[in-house]
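Peer 1: Predicted model and sequence below, questions to follow.
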Amino acid sequence: MAVDKDKLLQFLLRQGDNTLILGHRVSEWCGHSPILEEDIALANTALDLIGQTQMWLGYAAEVQGEGKSADDLAFLRDAWDFRNVLLTELPNGDFGQTLLRQFLFDAFQSVLMGRLMKSSDETVAAIAAKASKEVAYHVERSADTVVGLGDGTEESHNRMQAALEYLWPYVGEMFESDDIDAAMAEAGIAPDPAGLREEYDALVGKVLTEATLDIPAAKYAHKGGRTGYMHTEHLGHLLATMQWLQRAYPGCEW
Amino acid sequence: MYAQMIKTARSGVKTREEMNDQEREFQDKIDNDIKIEPRDWMPDDYRRTLIRQIGQHAHSEVVGQLPEGNWITRAPTLERKAILLAKVQDEAGHGLYLYSAAETLGESRDELVRLLHEGRMKYSSIFNYPTLNWADIGAVGWLVDGAAIVNQVALQRTSYGPYSRAMIRICKEESFHARQGYHAIMKMAFGTPEQKKQAQDAVNRLWFPAIMMFGPTDADSTNSDQSMAWKIKVKSNDELRQQFVDQTVPQIEYLGLDLPDPNIKWNEERGHYDFSDPNWDEFFNVIKGNGPCNVDRMKDRVNAWEDGQWVRDGLLAHARKKAAAKVAAE
């Protein structure tokens, strides 16, 4: 069945903005990680996320049909037009917070991409098939690091527990559902995110238990990113950096 | 690249008569282009010189992430950002091979990093210059990696096997970087007047620092004779610099940019370009720690290492727990 084009566009922006904003955050680490192997891994993760962004936003621009490119969407929208979940725009914090944020997102992506590979939309299925290979090793690495640091020294454990307290309230937003999700589910393009929670909790619960970390009891979830209603203050600064050249020298080829 | 002013661990080259049998046998291998491998006997000074050179080279790759990282978050398109991330990832990878090559000589990575952080080892002078506009990123790929390639293509023939093999692998990636860098600056040189201005600014600022990368003039390069005799170094600083200038000047002209040195002129008789000497006082100042970015670069690296201590400790503690649990289970 034909799907509402605007809703499909919103869905694609949610995918592409998640990978764009998180990829940007991860790239901020360049040259500053705790050990050379991690510099390589972080650059590699950021590179994969930016590559996925090119695919998602490229398709979004095509669906939008206004002759724009993935770059136009990335560099020339203002904060309220971004549709990433708040989790992805949160500051890096220390290395532990960065890797825990990565794990909480990778776990979601690993569940979601498995479903999107079976999407009724061939382009979505193809992007998910390619991304899922990268997501598989991202989640393996971020989970290993979370376990290693959670179950490491007293200091590393305490830092990871503090990071979890900070990040956990941002997890719930990934499972929010609205009319866009309903339309995607009805068209067989994407699952209703609410339906992914059980599988996610099982995966995340297993890893956090192995990491000897306690999941906070509070259920409250911050939201506003995937609808664009209310981002954090952090996003504006990220965009000010990321979009600066395109804004300062409009219309150039780079 | 990125090894300069490597102090050879000996003064004066021994004549064949001064060598003992072992040293003569070693020198025969070198003279016959037989590679020296980690388990082979080698003079202590050969080992020490190589550790310094390979270690400095590795440090340069690692510190070299910083000036490029300075622009990753401001890259103007998704493709440019991806290319730059891939490049920086390659540089860190080169650092890893080179530290591994140094390990085959009996020096650990941790020790080399400690010496760097204590200011007892150096990295290439070029990374003590700032990257101030986006064209600098193109210029770093084209000029800096370009200069590195000239040096490293020569080093593929270096006498120590692991170093030579690392150079062969690294050169392939560096060539890709240089092409990408040139492409990026070409877009700007052929772009709007403002973009062209940035490209010109980058070339003007980075030209002399790039030609300084080959180290002091041969007349002032006091450490070269023994390194050349041992084929740790294969071509002289001035030969390599001339080769770089000769290949780069036509590339600047193709971009339609002004030459960064008014004395660059084709010399029919020599069959080479003439060019001005860089300001060697500035070079020696940068080497001594007075370059525009020396203090900040080292602060970044030392802070990254110190801030990461808890991570390394945590992961190590976990690995030990796992190993102990495995032993207990067996």
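Peer 2: Received it, and whenever you're ready, just let me know what you need.
Peer 1: can you tell me how far residue B:242 sits from chain A?
Peer 2: Separation of residue B:242 from chain A (Cβ to the nearest Cβ, to the nearest Å): 32 Å. Yep, even glycine has a C-beta here, placed from its N, CA and C like the rest.
Peer 1: what about that residue, helix or strand, and which?
Peer 2: Following DSSP states H and E, one finds residue B:242 within helix B:237-254.
Peer 1: and that helix, what does it pack onto?
Peer 2: Applying 3 or more Cβ pairs under 8 Å, 6 or more residues apart in numbering or on different chains; DSSP states H and E, we find helix B:237-254 packed against helix B:145-155, helix B:193-212, strand B:272-274.
Peer 1: Next secondary structure element downstream of the shortest one?
Peer 2: On the C-terminal side of strand B:272-274, the closest following helix or strand by DSSP H and E is helix B:280-285.
Peer 1: Name the residues of that following helix that come out as buried.
Peer 2: Of all the residues in helix B:280-285, those buried under the rule 16 or more other Cβ atoms under 10 Å in any protein chain shown are residue B:283.
Peer 1: Next SSE downstream of that helix?
Peer 2: helix B:294-307.
Peer 1: tell me which residues of that next one are tucked away?
Peer 2: Of the residues in helix B:294-307, B:294, B:297, B:298, B:300, B:301, B:304, B:305 count as buried by neighbour count, 16+ other Cβ under 10 Å.
Peer 1: between the residues you listed, which is closest to chain A?
Peer 2: residue B:304 (4.4 Å; Cβ to the nearest Cβ).
Peer 1: wait, what's in contact with the closest one?
Peer 2: With contact set as Cβ atoms under 8 Å, 6 or more residues apart in numbering or on different chains, residue B:304 has these partners: A:31, A:32, A:33, A:34.
Peer 1: mean confidence score for the helix holding residue B:242?
Peer 2: Helix B:237-254 shows a mean pLDDT of 97.
Peer 1: repeat for stretch A:138-146
Peer 2: 98.
Peer 1: so how far is that stretch from its chain's centroid?
Peer 2: Put simply, stretch A:138-146 sits 15 Å off its chain's centre (Cα atoms, centre = their mean, to the nearest Å).
Peer 1: quick one on the thing from earlier: who does the next helix-or-strand element following the helix holding residue B:242 pair up with?
Peer 2: Of the helices and strands lying after helix B:237-254 in sequence (DSSP H and E), the nearest is strand B:265-267. Next to strand B:265-267 in the sheet, as set by DSSP bridges, lie strand B:272-274 (antiparallel).
Peer 1: what does the strand it pairs with contact?
Peer 2: For strand B:272-274, the external contacting residues (Cβ under 8 Å, 6+ apart) are B:242, B:245, B:246, B:249, B:263, B:264, B:265, B:266, B:267.
Peer 1: try stretch B:233-245
Peer 2: Applying Cβ under 8 Å, 6+ apart, the contact partners of stretch B:233-245 are B:146-147, B:150-151, B:154-155, B:157-158, B:210-211, B:214-218, B:221, B:224, B:227-228, B:264, B:272-273, B:275.
Peer 1: Could you look up the SS state of the closest residue to chain B within chain A?
Peer 2: When distances are taken as Cβ to the nearest Cβ, chain A reaches nearest to chain B at residue A:34, 2.3 Å away. Following DSSP: H, G, I helix; E, B strand; the rest coil, the label given to residue A:34 is coil.
Peer 1: How about the residues of the stretch 101-250 of chain B by chain A?
Peer 2: Along the stretch 101-250 of chain B, the residues adjacent to chain A under the rule Cβ under 8 Å from any Cβ of the partner chain are B:109, B:134, B:184, B:187, B:188, B:191, B:192, B:194, B:195.
Peer 1: Tabulate the helices and strands packed on helix B:237-254 (a markdown table), appending mean neighbour count and mean pLDDT.
Peer 2: Compiled in a markdown table, those are given as follows (neighbours: other Cβ atoms under 10 Å in any protein chain shown; pLDDT from 0 to 100):
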| stretch | mean neighbour count | mean pLDDT |
| --- | --- | --- |
| helix B:145-155 | 24 | 93 |
| helix B:193-212 | 20 | 98 |
| strand B:272-274 | 15 | 98 |
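Peer 1: Now tabulate those in TSV and tack on distance to residue B:47.
Peer 2: Below are the helices and strands packed on helix B:237-254 laid out as TSV (distance: least, Cβ to Cβ, whole Å):
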stretch	distance to residue B:47
helix B:145-155	17
helix B:193-212	28
strand B:272-274	36
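Peer 1: Please identify which of those is closest to residue A:80.
Peer 2: With distances scored as Cβ to Cβ, the stretch of those nearest to residue A:80 is helix B:193-212 (29.2 Å).
Peer 1: Which other helices and strands does the closest one contact?
Peer 2: Looks like helix B:193-212 contacts helix B:134-139, helix B:145-155, helix B:161-189, helix B:237-254, helix B:280-285 (3+ Cβ pairs under 8 Å, 6+ apart).
Peer 1: Give me the nearest residue to residue 183, chain neighbours excluded.
Peer 2: Picking chain A for this. Sequence neighbours aside, residue A:7 is the residue nearest to residue A:183 in space, at 4.4 Å (criterion: Cβ to Cβ, 6 or more residues apart in numbering or on different chains).
Peer 1: wrong one, chain B
Peer 2: residue B:138 is the one closest to residue B:183 (Cβ to Cβ, 6+ apart), at 7.7 Å.
Peer 1: quick one: that neighbour from residue B:125, how far?
Peer 2: Residue B:138 sits 20 Å away from residue B:125, going by Cβ to Cβ, to the nearest Å.
Peer 1: more crowded one of the two?
Peer 2: residue B:138 (27 against 23; other Cβ atoms under 10 Å in any protein chain shown).
Peer 1: So residue A:204 is in contact with residue A:105, correct?
Peer 2: No. The pair residue A:204 and residue A:105 does not pass the contact test of Cβ atoms under 8 Å, sitting 10.8 Å apart.
Peer 1: who has more neighbours, the two?
Peer 2: In terms of neighbours (other Cβ under 10 Å), residue A:105 is the more surrounded of residue A:204 and residue A:105; the figures are 25 against 20.
Peer 1: and that one, what element?
Peer 2: helix A:95-116.
Peer 1: Point to the residue nearest the middle of chain A.
Peer 2: residue A:18 (3.7 Å; Cα atoms, centre = their mean).
Peer 1: ok, that one - contacts?
Peer 2: By Cβ under 8 Å, 6+ apart, residue A:18 lies in contact with A:84, A:85, A:88, A:105.
Peer 1: Ok, residue B:112 next?
Peer 2: Residue B:112 touches B:51, B:55, B:58, B:59, B:99, B:102, B:121, counting by Cβ under 8 Å, 6+ apart.
Peer 1: hmm, 6 Å instead?
Peer 2: Residue B:112 sits next to residue B:55 when contact means Cβ atoms under 6 Å, 6 or more residues apart in numbering or on different chains.
Peer 1: picking up where we left off before, just the buried ones among the contacts of residue B:304, please.
Peer 2: A:31, A:32, A:33, A:34.
Peer 1: Out of those, which two sit at the greatest distance?
Peer 2: A:31 and A:34 (11.8 Å).
Peer 1: Give me the neighbour count for the residue nearest to residue B:200 when sequence neighbours are not counted.
Peer 2: Take residue B:200 and drop its neighbours on the chain: the residue closest to it by Cβ to Cβ, 6+ apart is residue B:257, 5.2 Å away. Using other Cβ under 10 Å, residue B:257 is surrounded by 19 other residues.
Peer 1: At the contact with chain B, which residues of chain A appear?
Peer 2: Within chain A, the residues that sit near chain B (Cβ under 6 Å from any Cβ of the partner chain) are A:27-28, A:30-32, A:34, A:36, A:39-40, A:43-44, A:46-47, A:50, A:54, A:70-71, A:74, A:95, A:148-149, A:151-153, A:155-156, A:241, A:244-246, A:249, A:252-254.
Peer 1: Next step: those residues restricted to helices.
Peer 2: A:27, A:36, A:39-40, A:43-44, A:46-47, A:50, A:54, A:70-71, A:74, A:95, A:148-149, A:155-156, A:241, A:244-246 (DSSP state H).
Peer 1: Point me to the residue of chain B nearest chain A.
Peer 2: residue B:308 (2.3 Å).
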